[in-house]
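Visitor: sequence and predicted model, in that order:
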Amino acid sequence: MAAGMWLLPAVVSLERQRMQEVDSGYHYQMMQRAIDVIDQHPGVMPLESLAARMDMSTAHFQRLFSRWVGVSPKKYQQYLALSHAKSLLGNRFTLLDTAHLAGLSGAGRLHDLFLRWEAMTPGEFAREAEAVTISWGWFDSPFGEVLAMCTPRGLCGLAFVAEIGGDAALQDMMARWPKARFAQRGEKVRHWVDAAFGGRGETSLHLIGAPFQIKVWEALMRIPTGYVTSYSEIADAIGHPRAVRAVGTAVGRNPVSWLIPCHRALRKSGGLGGYHWGLRVKRAMLAYEAARAEALDAANETT
């Protein structure tokens, strides 16, 4: 059985304080509505118009939005632009091996989250199938509703449903553990989900994948927050430089999106590439992380 551990160390107290101030229910839902409005509007939407669409005063909306994402709504809209992927690739591209050796995968993180994970091959899973019961539930996240699943060992699935719908997401995730038993018991999953999106505490992952997929997922976990890499760079990092297409497939099969950050993998050209849960969700994730990374960099410069 392959096993690994990942440590996401604490950074400045300002970041922790901001996360503590944001309610994990109401504010996330409100900001998701705002992202939907922004995403459907051509060009940069005036702050006054955006606040009015949210039925809020301009000052109150800007204060809440800036606290949630770390930058103003105007700046965030720039990060949401499709062209921003090329900018990220040019300015915040990371060579995976270099990033790992330099400690970027630790020091560059924004959260204080200890992430443990273990993975098993399909053959290993088959031998233990009768003993696996998966609990699941629906939760709020910064990127809309998320389906979360866990075994007694940890999270085994995170699926964002805004683009594909809840029924399709549930069928998709259940198909990845074809011999398991499933029970809707959100209380069994909640503490891991809260840690994952709150950025504090400990979250365990329990994954099933072919050896090649596991190597790709390990590489994804070496991409620092706020940075991106290319599918071809991942292929080089795992010792299969010609397997770019296979890498893309393995990235798309990542069962625990966000924590294993498949959204940080782009095409070499700077295009977004694919995303299993929808490109709109991928854009929102990249914008969210880039904005918060820039805000944290600015805070560090002033301290």
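Guide: Received, thanks.
Visitor: okay, now the sheet partners of the host helix or strand of residue 150, with direction.
Guide: Following DSSP states H and E, one finds residue 150 within strand 146-151. With DSSP bridges as the test, strand 146-151 is paired with strand 133-139 (antiparallel), strand 154-160 (antiparallel).
Visitor: what's the angle between the helix or strand following the last one and strand 146-151?
Guide: For strand 154-160, the following helix or strand on the C-terminal side (DSSP H and E) is helix 166-175. When axes from the mean of the first three to the mean of the last three CA atoms, to 10 degrees is applied, the directions of helix 166-175 and strand 146-151 differ by 20 degrees.
Visitor: where are the low-confidence patches of the stretch 51-200 of the chain?
Guide: Counting by pLDDT under 70, the ranges of the stretch 51-200 of the chain that qualify are 69-70, 81-93, 95-113, 125-130.
Visitor: can you map out the strands along it?
Guide: In the stretch 51-200 of the chain, the segments counted as strands under DSSP state E, counting those that start in this stretch are 112-120, 133-139, 146-151, 154-160, 181-184, 200-208.
Visitor: how about JSON lines for those, with mean neighbour count added?
Guide: The way it works is simple: take the backbone N, C-alpha and C, and place the C-beta from them, glycine included. As requested, the strands of the stretch 51-200 of the chain are exported to JSON lines (neighbours: other CB atoms under 10 Å):
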{"stretch": "strand 112-120", "mean neighbour count": "19"}
{"stretch": "strand 133-139", "mean neighbour count": "18"}
{"stretch": "strand 146-151", "mean neighbour count": "24"}
{"stretch": "strand 154-160", "mean neighbour count": "24"}
{"stretch": "strand 181-184", "mean neighbour count": "12"}
{"stretch": "strand 200-208", "mean neighbour count": "20"}
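Visitor: for residue 79, find the nearest of those.
Guide: Minimum separation from residue 79 across the strands of the stretch 51-200 of the chain (CB to CB) falls at strand 154-160, 18.2 Å.
Visitor: still on that earlier bit, now the strands of the stretch 51-200 of the chain in JSON lines, with distance to residue 171?
Guide: Listed next are the strands of the stretch 51-200 of the chain as JSON lines, based on distance: least, CB to CB, whole Å:
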{"stretch": "strand 112-120", "distance to residue 171": "22"}
{"stretch": "strand 133-139", "distance to residue 171": "12"}
{"stretch": "strand 146-151", "distance to residue 171": "10"}
{"stretch": "strand 154-160", "distance to residue 171": "10"}
{"stretch": "strand 181-184", "distance to residue 171": "11"}
{"stretch": "strand 200-208", "distance to residue 171": "17"}
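Visitor: of those, which is nearest residue 77?
Guide: Between the strands of the stretch 51-200 of the chain, strand 154-160 lies closest to residue 77; by CB to CB that is 20.7 Å.
Visitor: next, the angle from the strand holding residue 150 to strand 200-208.
Guide: 70 degrees.
Visitor: outside of strand 146-151 itself, list whatever touches it.
Guide: Strand 146-151 has contacts (CB atoms under 8 Å, 6 or more residues apart in numbering) with 132-140, 155-161, 166, 169-170, 173, 180, 182, 186, 188-189, 192-193, 206.
Visitor: same check on stretch 250-260?
Guide: Contacts made with stretch 250-260 from outside it, assessed by CB under 8 Å, 6+ apart, are listed as 115, 141, 143, 155-160, 173, 176, 196-197, 203, 205, 207-209, 212-213, 216-217, 220-221, 231, 234, 262-263, 265, 274-277, 285.
Visitor: circling back: for the strands paired with strand 146-151, give me a markdown table that also has distance to residue 243.
Guide: Converted to a markdown table, those look like this (distance: least, CB to CB, whole Å):
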| stretch | distance to residue 243 |
| --- | --- |
| strand 133-139 | 30 |
| strand 154-160 | 25 |
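Visitor: out of those, the one nearest residue 71 is which?
Guide: The closest of those to residue 71 is strand 154-160. By CB to CB, the value is 22.0 Å.
Visitor: chain center to the closest one, what's the gap?
Guide: Relative to the chain's own centre, strand 154-160 is displaced by 11 Å; criterion: CA atoms, centre = their mean, to the nearest Å.
Visitor: again with stretch 177-185
Guide: 23 Å.
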